[in-house]
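**Student:** Okay, here's the prediction I keep looking at, along with the sequence it came from:
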Amino acid sequence: MTKPPPLPGQAVDEAGPVFREPWEAQAFALAVELSQAGHFTWDEWASALATEIAAAQAAGDPDLGDTYYRHWLAALERLAAEKGLAAPCDMRARRDAWEAAYRATPHGQPVNLKENA
């Protein structure tokens with residue numbers, strides 16, 4: 001199992017990458033796993049991410065680092081659709097279900113998608 005190259009500007013500590021939110025770590029891990037499973041190469045991944053970042057910058061994203069994983073997620077969703085791993089309508093439905101679940105979850109409680117779906 002090969003490790004992807006380090007990401008420019010990503011915060012790291014002795015344990016590895018540091019993330020602001022759990023979903024960022026999950027998106028990171030999913031991209032690494034899908035690449036290692038052969039669904040796309042790391043070069044394809046880097047290209048998709050660069051495309052998303054460039055599009056965001058062209059749309060006015062000041063690129064301060066706080067939106068980086070939103071671009072990461074957009075690239076992951078685009079590659080998943082292009083590679084036939086998930087249909088865009090299925091990804092939208094899942095995102096909507098998660099949004100409804102976290103909005104229905106009391107503060108401090110774990111989000112349970114099944115109970116709130």
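**Tutor:** Structure's in. What do you need?

**Student:** Tell me where this structure has strands.
**Tutor:** Secondary structure of the chain (DSSP state E): strands at 12-13, 16-17.

**Student:** Kindly compare burial across the ones you listed and name the winner.
**Tutor:** strand 16-17 (a mean of 13; mean count of other C-beta atoms under 10 Å). (Glycine included, C-beta is placed from N, CA and C.)

**Student:** contacting residues around the spatially most central residue of the chain?
**Tutor:** The centroid of the chain falls nearest to L73 when counting by C-alpha atoms, centre = their mean (2.9 Å). Counting by C-beta atoms under 8 Å, 6 or more residues apart in numbering, L73 touches 23, 27.

**Student:** Report the separation between it and F40.
**Tutor:** 15 Å (C-beta to C-beta, to the nearest Å).

**Student:** what does W72 give?
**Tutor:** Separation of W72 from F40 (C-beta to C-beta): 14 Å.

**Student:** go on, S47?
**Tutor:** S47 is 10 Å from F40, where distance means C-beta to C-beta.

**Student:** How many neighbouring residues does G38 have?
**Tutor:** Look at G38: counted by other C-beta atoms under 10 Å, it has 7 neighbours.

**Student:** Just the pLDDT at it, thanks.
**Tutor:** pLDDT for G38: 96.

**Student:** Would you state the helices of this protein in chain order?
**Tutor:** Under the criterion DSSP state H, helices of the chain are mapped to 22-36, 42-58, 68-82, 88-104, 113-116.

**Student:** Distance from the chain centre to stretch 39-56, please.
**Tutor:** Centroid separation for stretch 39-56 versus its chain: 12 Å, with C-alpha atoms, centre = their mean, to the nearest Å.

**Student:** For that stretch, which outside residues touch it?
**Tutor:** With C-beta under 8 Å, 6+ apart as the criterion, stretch 39-56 contacts 4-5, 31, 34-35, 61, 63, 67-68, 70-72, 74-76, 78-79, 83, 85.

**Student:** Drop anything exposed from the residues you listed.
**Tutor:** Listed as buried from the contacts of stretch 39-56 are 31, 34-35, 61, 68, 70-72, 74-76, 79, 85; burial here means 16 or more other C-beta atoms under 10 Å.
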